[in-house]
Every structure is written in structure tokens, then in C-alpha cells.
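Participant: The following comprises the amino acid sequence and a computationally predicted model.
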Amino acid sequence: MSIIALFNAAKEYFEARRTNQLFRQLDDHCLKDIGFYRDNGQIRPLAGNKDLESDLKGKAQIPPGEQPSDG
């Protein structure tokens, strides 16, 4: 592992640690507003929730080029 890769890994670790500390100060409602939830003391993204993924599998998704326009 090169020294640059080591520094990048350390930087990512400390950024993630600081983000988790900041998120722990928020209440559950604020976390949900920004797309996260609290699970046994861990802050997890809503997008990784298995329930949401199973709901999306049953729905047909429209490709980006075929979505209706607002104008």
C-alpha cells in the first residue's frame, strides 16, 4: 500500500467518524428528513433499507429518457 493510499484511507476514516458523531446529535425526525435512520445506535441510509428495496422491485421504473417533462 502506498503512502498516498494510506493517507486517503485515514482521511476517509476520520471523515466518516466525524459525520457519525454529527449525525448522532440529530433526532430521528431530522435523520429521516435527510435520508438516514437510527438502527441499534448505528446511523444507516434509508436507501440501504431492505424494505424499500423490496417495494421498488414490485414497481416498474421509467427510464430517464422516457420520463414526462414538467414543461
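Facilitator: It's in. Numbers count the residues shown, from 1 in each chain.

Participant: and D39, backbone torsions?
Facilitator: Dihedral pair for D39: phi -130, psi 110, per degrees, to the nearest 10.

Participant: That one and S2, how far apart?
Facilitator: Distance of D39 to S2, given as CB to CB, to the nearest Å: 35 Å. For glycine as for every other residue, the C-beta is placed from the backbone atoms N, C-alpha and C.

Participant: The two: which has the busier surroundings?
Facilitator: For D39 versus S2, neighbours defined as other CB atoms under 10 Å are more numerous around D39 (10 against 7).

Participant: residue ranges for the strands of the chain, please.
Facilitator: 36-39, 42-45 (DSSP state E).

Participant: Those strands: which one's closest to Q25?
Facilitator: strand 42-45 (10.6 Å; CB to CB).

Participant: For the closest one, buried residues please.
Facilitator: I43 (16 or more other CB atoms under 10 Å).

Participant: same thing with stretch 22-32?
Facilitator: L31.

Participant: Noted, bye for now.
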